[in-house]
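> sequence first, predicted coordinates after that:
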Amino acid sequence: MHRHELVVIGAGSGNAVVDDSFADLDVAIVEDRWFGGTCLNAGCIPSKMFAHTAHVARAVEDAGTYDVDAEPGGIRWRNARDRIFRRLDAEREEGRRGREAQDFVTVYEGRARFTGPRTLRIERSGTPPLDIGATQVVIAAGGRPLIPPPVSDSGLPCETSDTVMRLDAPPRRLAILGGGYIAAELAEVFAAAGSAVTIVEKERRLLGPQDETVSRRFTELVRSRYDLRLGRELTALGGSPGALRLALDDGSTVDADTLLVAVGRIPNSDRLDLGAAGIATHDDGRVIVDAHQRTTAESVYALGDICSPVPLKHVANREAKVVAHNLRHPDDPIACDHDLVPAAVFTRPQIASVGATEQDCRARGLDYAVGTAEYADTAYGWAMEDTTGFCKVLADPGSGRILGAHLLGAEAPTLIQPLVLALTLGIDAPTLTGSPYWIHPALTEVVENALLDLGLDP
């Protein structure tokens with residue numbers, strides 16, 4: 001059995017752990033599917049490339065609003081798909097080749113599972129399994145889409161976010177099971193590509209974890225675009241491939257050519273035989289880690305979707321930096337803070353959030369002030385003819401400390417960044433409006449106006 005000094009399981013954000021400072025070690029990276037991880041191959045990046053393509057298509061459709069003559073032609077799906085994945089597949093292979101060319105790194109293709117403390121068996125297609133050991137291990141094996149029993153038991157095909165963007169053509173009728181951010185983003189992509197979209201969601205509103213004002217307004221905005229079956233659950237999936245029938249709990253049915261399942265993701269911990277290594281998990285399968293990303297097993301760390309309470313790529317990247325430091329400096333570890341993680345939904349309109357929602361504030365019994373501003377009440381909002389976008393800020397009325405912020409509208413993921421900085425650095429709302437200049441007539445004025453609407457004295 002060959003023993004490496006460091007083994008990283010997973011080549012998504014786990015790959016970012018290993019830089020040239022590890023060149024004096026014997027390092028191994030094990031990947032069983034996608035070098036670059038979900039983000040590069042089936043997640044953040046391709047979905048946003050498709051989302052931007054959909055945005056351009058919609059902009060052409062809406063050109064008449066601005067007295068611009070343009071002929072909507074729709075999305076050339078196969079061309080767009082090939083453009084996107086030609087670039088991303090090349091990035092994946094370049095990343096793999098770059099690692100394989102490094103003298104101190106061994107790349108193993110296959111699925112790893114623990115056979116004991118810091119010992120692994122790598123199962124490879126067509127070749128005998130390989131046993132290796134390690135002085136230190138990093139688990140960064142990510143997660144996968146959840147397929148619930150009504151679908152998994154049916155024997156009928158379905159798509160997930162892992163597969164749906166590589167279809168040869170957009171389906172004529174697309175049913176989406178789930179109402180979270182993946183469902184919202186991909187619904188817009190396929191609707192812009194010409195699919196008739198039906199969303200089946202057990203909650204009464206889409207994007208339920210968002211601030212209630214955002215969730216409520218977004219749901220109302222998309223009612224005219226999609227067939228929404230809200231407050232409904234799937235009880236059975238029938239029909240045949242290409243002619244599916246979804247039976248819902250109210251007795252209604254949905255006919256679709258394709259079903260996209262987007263009800264959430266689960267960590268890949270169940271595939272690693274973690275018990276053999278003494279690595280504990282939460283009830284939901286996430287690997288238990290402390291603030292320094294250390295697992296319950298000695299010299300074993302974890303990062304990313306397999307352990308994080310906030311399964312987002314920018315969180316996994318931060319955790320990778322923490323793990324890299326702690327591997328090199330175990331006696332002087334640094335911690336990872338998940339308290340103020342911003343997030344965005346790249347649908348139409350875009351959404352961004354950071355900190356507490358209004359329902360969080362009520363549940364915690366906080367005294368809070370609410371400031372809101374509409375895009376339509378800013379000069380650049382006039383230029384955009386935007387009648388739906390808004391910014392909402394929550395703050396402590398005594399100290400002026402910002403508790404949370406939420407945007408729905410164009411460029412929301414960019415506009416929220418001053419508020420992310422304010423929450424992170426402890427800048428109160430009056431200071432944020434009174435100290436820096438805010439450019440007029442930039443769209444950032446919607447943020448300034450929401451802060452001013454709090455009515456807090458300097």
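Structure's in. What do you need? Residues are numbered from 1 along each chain as shown.

> ok but residue 373 is inside a strand, no?
Yes - secondary structure of residue 373 (DSSP: H, G, I helix; E, B strand; the rest coil): part of a strand.

> list the contacts of the helix or strand harbouring residue 151.
Remark: residue 151 resides in helix 149-152, with elements defined by DSSP states H and E. The contact list for helix 149-152, computed with Cβ atoms under 8 Å, 6 or more residues apart in numbering, reads 158, 177, 234-237, 259, 261. The way it works is simple: take the backbone N, C-alpha and C, and place the C-beta from them, glycine included.

> quick one: buried ones out of the residues you listed?
The neighbour-count test (16 or more other Cβ atoms under 10 Å) applied to the contacts of helix 149-152 identifies 158, 177, 234, 237, 259, 261 as buried.

> in strands, which of those residues fall?
177, 234, 237, 259, 261 (DSSP state E).

> can you redo those residues as CSV with distance to residue 93 and pLDDT?
Compiled in CSV, these are given as follows (distance: Cβ to Cβ, whole Å; pLDDT from 0 to 100):
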residue, distance to residue 93, pLDDT
177, 33, 98
234, 38, 98
237, 36, 98
259, 31, 98
261, 29, 98
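
> for those residues, which one is nearest residue 250?
Using Cβ to Cβ, residue 234 is the member of these that sits closest to residue 250, with 11.2 Å.

> now do the helices in the stretch 301-450 of the chain.
Taking DSSP state H, counting those that start in this stretch, the helices of the stretch 301-450 of the chain run over residues 313-328, 358-363, 379-384, 412-415, 417-425, 429-434, 445-452.

> just send the ones you listed back as TSV, with mean pLDDT too.
TSV is the format used below for the helices of the stretch 301-450 of the chain (pLDDT from 0 to 100):
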stretch	mean pLDDT
helix 313-328	98
helix 358-363	98
helix 379-384	98
helix 412-415	98
helix 417-425	98
helix 429-434	98
helix 445-452	98
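
> and these: which comes nearest residue 347?
When these are compared by Cβ to Cβ, helix 412-415 sits nearest residue 347, at 10.1 Å.

> can you list the buried residues in the closest one?
In helix 412-415, counting by 16+ other Cβ under 10 Å, buried: 412-413, 415.

> number of residues surrounding the residue nearest to residue 387 when sequence neighbours are not counted?
Computed as Cβ to Cβ, 6 or more residues apart in numbering, the closest residue to residue 387 that is not its neighbour in sequence is residue 376, at 5.2 Å. Applying other Cβ atoms under 10 Å, we find 16 other residues in the vicinity of residue 376.

> these two touch, right, residue 376 and residue 382?
Yes - counting by Cβ atoms under 8 Å, residue 382 is a contact partner of residue 376 at 7.4 Å.

> tell me how far residue 142 lies from residue 361.
Shown here: residue 142 relative to residue 361, a distance of 33 Å by Cβ to Cβ, to the nearest Å.

> confidence score at the residue nearest to the spatial centre of the chain?
Among the residues of the chain, the one closest to the centroid is residue 312, at 4.8 Å (Cα atoms, centre = their mean). Residue-level confidence at residue 312 comes out at 97, pLDDT.

> that one and residue 348, how far apart?
Between residue 312 and residue 348 the computed distance is 21 Å (Cβ to Cβ).

> where do the strands of the stretch 101-250 of the chain begin and end?
Taking DSSP state E, counting those that start in this stretch to define them, one finds strands in the stretch 101-250 of the chain at 105-109, 111-116, 119-124, 127-139, 143-145, 173-177, 196-201, 227-230, 234-240, 243-248.

> any idea of the mean pLDDT for the longest helix along the chain?
Across the chain, the helix with the greatest residue count (assigned by DSSP state H) is helix 77-100. Average pLDDT, helix 77-100: 98.

> quick check: angle from it to strand 105-109?
With axes from the mean of the first three to the mean of the last three Cα atoms, to 10 degrees as the criterion, the two stretches helix 77-100 and strand 105-109 enclose an angle of 130 degrees.

> restricting to C-alpha, output helix 77-100 in CSV.
Output for helix 77-100, consisting of C-alpha atoms alone and laid out as CSV, is shown next (Å, rounded to 0.1, in the frame of the first residue of the first chain):
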residue,chain,number,x,y,z
TRP,A,77,-30.3,25.8,-28.0
ARG,A,78,-27.8,23.3,-29.4
ASN,A,79,-25.4,26.1,-30.5
ALA,A,80,-25.6,27.7,-27.0
ARG,A,81,-25.1,24.4,-25.3
ASP,A,82,-22.1,23.5,-27.4
ARG,A,83,-20.6,27.0,-26.9
ILE,A,84,-21.0,26.7,-23.2
PHE,A,85,-19.8,23.2,-22.6
ARG,A,86,-17.0,23.3,-25.2
ARG,A,87,-15.4,26.0,-23.1
LEU,A,88,-16.2,24.3,-19.7
ASP,A,89,-15.1,20.8,-20.8
ALA,A,90,-11.9,22.3,-22.0
GLU,A,91,-11.4,24.0,-18.7
ARG,A,92,-12.0,20.7,-16.9
GLU,A,93,-9.4,18.8,-19.0
GLU,A,94,-6.9,21.6,-18.7
GLY,A,95,-7.2,21.5,-14.9
ARG,A,96,-6.8,17.7,-14.9
ARG,A,97,-3.7,17.9,-17.2
GLY,A,98,-2.2,20.6,-15.1
ARG,A,99,-2.5,18.5,-11.9
GLU,A,100,-1.1,15.4,-13.6
